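Enquirer: structure here, sequence nowhere to be found:
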């Protein structure tokens, strides 16, 4: 069952975004609005532009046309203060998130210390709290090479949370994990969503989408083919492409 | 709780970026740029020498006069490199296979020889060969004279052999164990496996580092000028002494550098292309 | 006692290790050894610095520094180091002004040892640039994106994340290159820098003990290289990250 609390104003507004890599169009006129506290899942076949969309939202990839507004900031503006944006938006990737030459605790502490220049004692306390929240208080001094994939992803989530974001983006974060470790990460994200964090997930985990998402978008070929509440989308998809995709994966 | 395999990929092997199918890649451009810069420097220093020359004959005429001789010297360098490479490869392959042998004594001896000749400076080994090889040998009643250049060939072949030994060892060891195991299960002897199955595959992987070694050797042939053998560098120096015009030093040295660059750079590019094609790891 | 042993060896067997019993020869040998170590150390440090500078230029956003760096690398990698040294010492050195040497004469601004260090540093530096670049490219792009998403600026990103990781990856190839540099210092012989090979050649031309000096030389260089390899091994161990597999 999706989030129980009230959903607020739109915090991420994507409007008519187009993006091509060279001659290949990857996003063709994508529009969506995510409200504060909402959990949104983006599903679809590989190459449909899902990951690119996430990267555009936090300005890792510039867009060709359209606009993206996150928490009142225009991401597509070339004069954007990227640091301010990245305080508001956290992202967790599929692989190679953590810095292997630092311990889990140091990984979580690094950005607030170096980038935000916050007080060390305060940052450390926050880092310990976050790592405890994701269930890794026993692994503070472990290096990423000593952690399992699922543990690494949880540390990555804690690290993004340490910056105090308003929106969290997840780019297929469980795709590289085996089934046992997938669960621990998904549980962490579910709890995060239940606390009211605005989450946008690109995922193949249909079960998760059905249970936790407030809204699901299906993309194919660079456009949003269909979107709706998970109950409706999964049970009775309207578009033939959606049907075909769901038949394949479910 | 068991930890899932973490493949921290930071030690990913370096993959050279793919070259554009059409047009010039940045490396080609810049390297052609290096060659062009050399050529421009050469022409520029020549022009400068011209201006500084004054009443004497034009600089470019002087350089032109010596060019055939310098080129001859350069070709001599190349012949030495070819001979040394052939000798060094043959001996080095032996040592390489020796390092892989079943017998502990052969293995240790080959390893020791390889390490010793790899860690010694090329110039010292050259001196070693020049001084300690006899100037003639009696073999089965026949006297073979050992001219200086032959000793130099042997002297340069020593470090080449050591490096080839390492290349062979590395190449053979990079073939997956599964190949050995399948051959064994088909009742191949170890020798048959090595020669009929492993080596043919390994040779491909050995080719890029081997070509790289040849380029290094070619550049090292200039060392023979230090032990008193006439090569491109000696001739360049002699030419400068003969002309005794200091403004000619730049153009003449640049000429020699250009000759070597023109020879070694294509080899380097070909090596890179082969590396990409064979996807040689690490 | 050692001296007595070697003297007897010379008298009875004709095997002349003069550096062990003759103070003058030993002095020359040790001076040569010290000069070689000095050349190695200076060239290693300078080439590492050049490698880092070259890395910075080749990662630059604008095209000119990148191309200039590539041209530098290709030039020094595809031409003989001895000719490079001769070019710098004779041709470029010849252009520089001469300064008074305090005894009424004139001496060149940069001496043989100076040019040797410059030439070797440029030569090894070119290889270092490539090695460092390979190390930087081995850092996964996602890690860099993750750091960017946390708000790291370009310079901080390099300092905190890319360089520490790239350096660890580069260490084996870098070690190889530094070993080569130690071997290359013998080229300074050609411009009469009084390093080890030069000292040895002086000794054997006077004491006629070529074979013995050659062997001593070989053993000494192998020992020098072994020393460097040991230092690098210690360094690599100190930089090791737990859980890393190589």
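Expert: That came through, no problem. Since the structure is predicted, the reported quantities are computational estimates derived from the model, not experimental observations.
Enquirer: residue ranges with poor pLDDT in chain C?
Expert: C:243-246 (pLDDT under 70).
Enquirer: that one: helices as residue ranges?
Expert: C:2-13, C:18-21, C:23-58, C:63-77, C:81-86, C:93-95, C:112-137, C:141-149, C:154-157, C:163-184, C:196-207, C:210-238 (DSSP state H).
Enquirer: buried residues in the shortest one?
Expert: In this case it means helix C:93-95. Within helix C:93-95, the residues that count as buried by 16 or more other Cβ atoms under 10 Å in any protein chain shown are residue C:93. C-beta: built from backbone N, CA, C; applies to glycine.
Enquirer: indicate the residue of chain A located nearest to chain B.
Expert: residue A:148 (4.2 Å; Cβ to the nearest Cβ).
Enquirer: can you point me to the longest helix in chain A?
Expert: Longest helix in chain A, counting residues (DSSP H): helix A:179-194.
Enquirer: specify the angle between the helix or strand that it is followed by and helix A:179-194 in degrees.
Expert: Proceeding N to C from helix A:179-194, the next assigned helix or strand is strand A:198-202, under DSSP states H and E. Note on geometry: by axes from the mean of the first three to the mean of the last three Cα atoms, to 10 degrees, strand A:198-202 and helix A:179-194 are set 150 degrees apart in direction.
Enquirer: avg pLDDT for the following helix or strand past strand A:198-202?
Expert: Per DSSP H and E, the first helix or strand lying C-terminal to strand A:198-202 is helix A:206-212. With pLDDT averaged residue by residue, helix A:206-212 scores 91.
Enquirer: tell me the helices and strands packed up against helix A:206-212.
Expert: Contact here means 3 or more Cβ pairs under 8 Å, 6 or more residues apart in numbering or on different chains; DSSP states H and E; on that basis helix A:206-212 packs against strand A:39-43, helix A:179-194, helix A:230-235.
Enquirer: for chain A, which segments count as strands?
Expert: With strands called from DSSP state E, chain A shows them at A:10-21, A:24-35, A:39-43, A:65-70, A:73-74, A:89-92, A:167-171, A:198-202, A:215-220, A:223-228.
Enquirer: stretch A:104-118 near chain B anywhere?
Expert: No - judged by Cβ under 8 Å from any Cβ of the partner chain, stretch A:104-118 and chain B are separated, with a smallest distance of 12.9 Å.
Enquirer: ok, and what's touching that stretch?
Expert: Contacts with stretch A:104-118, where a contact means Cβ atoms under 8 Å, 6 or more residues apart in numbering or on different chains, come from A:83, A:87, A:98-99, A:102, A:120, A:123-124, A:126-128, A:130-131, A:136, A:139-144, A:147, A:155, A:158-159, A:162-163, C:150-153, C:156, C:160.
Enquirer: per-residue confidence for the spatially most central residue of chain A?
Expert: For chain A, the residue whose C-alpha lies nearest the mean C-alpha position (Cα atoms, centre = their mean) is residue A:169; its distance is 1.7 Å. Residue A:169 carries a pLDDT value of 95.
Enquirer: check whether it really touches residue A:200, as I assumed.
Expert: Yes - using Cβ atoms under 8 Å as the test, residue A:169 is close enough to residue A:200 to be in contact (5.1 Å).
Enquirer: burial count for residue A:64?
Expert: Neighbourhood size, residue A:64 [other Cβ atoms under 10 Å in any protein chain shown]: 14.
Enquirer: among the helices and strands packed on helix A:206-212, which comes closest to residue A:92?
Expert: Ranking those by proximity to residue A:92 (Cβ to Cβ) places helix A:179-194 first, at 8.9 Å.
Enquirer: that closest one close to chain B?
Expert: Yes - under the criterion of Cβ under 8 Å from any Cβ, chain B is reached by helix A:179-194 at A:180-181.
Enquirer: tell me what angle that helix forms with strand A:39-43.
Expert: Angle of helix A:179-194 versus strand A:39-43, following the same axes, to 10 degrees, is 140 degrees.
Enquirer: buried set for helix A:179-194?
Expert: Using 16+ other Cβ under 10 Å as the test for burial, helix A:179-194 gives A:181-182, A:184-186, A:188-190, A:192-193.
Enquirer: also stretch B:58-71?
Expert: B:59-60, B:62-63, B:66, B:70.
Enquirer: returning to that earlier point: who touches both of residue A:169 and residue A:200?
Expert: Joint contacts of residue A:169 and residue A:200 (Cβ under 8 Å, 6+ apart) are A:54, A:57.
Enquirer: so which strand or helix has residue B:241?
Expert: Per DSSP H and E: residue B:241 is located in helix B:232-243.
Enquirer: packing partners of that helix?
Expert: If contacts are counted by 3+ Cβ pairs under 8 Å, 6+ apart, helix B:232-243 sits against helix B:59-99, helix B:249-278, helix C:81-86.
Enquirer: in space, what's closest to residue B:206 - neighbours in sequence excluded?
Expert: Spatial nearest neighbour of residue B:206, chain neighbours left out: residue B:171 (3.8 Å); criterion: Cβ to Cβ, 6 or more residues apart in numbering or on different chains.
Enquirer: kindly report the same for residue B:247.
Expert: Nearest in space to residue B:247, with sequence neighbours left out and distances taken as Cβ to Cβ, 6+ apart, is residue B:49 at 4.0 Å.
Enquirer: try residue C:10
Expert: residue C:16 (4.6 Å).
Enquirer: who are the neighbours in contact with the closest residue to residue B:239 other than its chain neighbours?
Expert: Excluding its sequence neighbours, the residue lying closest to residue B:239 (Cβ to Cβ, 6+ apart) is residue B:66, at 4.3 Å. Going by Cβ under 8 Å, 6+ apart, residue B:66 touches B:235-236, B:239, B:243, B:252.
Enquirer: among those, which pair sits farthest apart?
Expert: Greatest spacing in the contacts of residue B:66, by Cβ to Cβ: B:235 and B:243 (12.3 Å).
Enquirer: which residues are in contact with the residue nearest to the spatial centre of chain C?
Expert: The residue lying closest to the centre of chain C (Cα atoms, centre = their mean) is residue C:181, at 3.6 Å. Counting by Cβ under 8 Å, 6+ apart, residue C:181 makes contact with C:40, C:43-44, C:47, C:120, C:123-124.
Enquirer: next, give me the two most distant ones among these.
Expert: Distance extremes for the contacts of residue C:181: the farthest pair is C:40 and C:123 at 13.2 Å, using Cβ to Cβ.
Enquirer: which residues of chain A score low on pLDDT?
Expert: A:1-5.
Enquirer: near chain C, which residues of it?
Expert: A:55, A:58, A:60, A:82-83, A:86-87, A:89-91, A:93-101, A:110-111, A:114-116, A:142-147, A:156, A:159-160, A:163.
Enquirer: thinking again about what came up before, so residue C:40 and residue C:123 - more neighbours on which side?
Expert: Higher neighbour count among residue C:40 and residue C:123: residue C:123, with 25 against 22, using other Cβ under 10 Å.
Enquirer: correct me, but that one touches residue C:80?
Expert: No - using Cβ under 8 Å, residue C:123 is not in contact with residue C:80; the gap is 9.8 Å.
Enquirer: run a quick neighbour tally on residue 175.
Expert: Just so you know, I chose chain A. Neighbour number of residue A:175 under other Cβ under 10 Å is 13.
Enquirer: wait, chain B was what I had in mind.
Expert: When neighbours are counted by other Cβ under 10 Å, residue B:175 registers 17.
Enquirer: mind listing what it touches?
Expert: Residue B:175 is in contact with B:198, B:201-202, counting by Cβ under 8 Å, 6+ apart.
Enquirer: repeat that with 10 Å
Expert: Contacts for residue B:175 (Cβ atoms under 10 Å, 6 or more residues apart in numbering or on different chains) come out as B:194, B:197-202, B:205.
Enquirer: so it, which state does it fall into?
Expert: Following DSSP: H, G, I helix; E, B strand; the rest coil, residue B:175 is assigned to coil.
Enquirer: distance of it relative to residue B:182?
Expert: According to Cβ to Cβ, to the nearest Å, residue B:175 stands 11 Å off from residue B:182.
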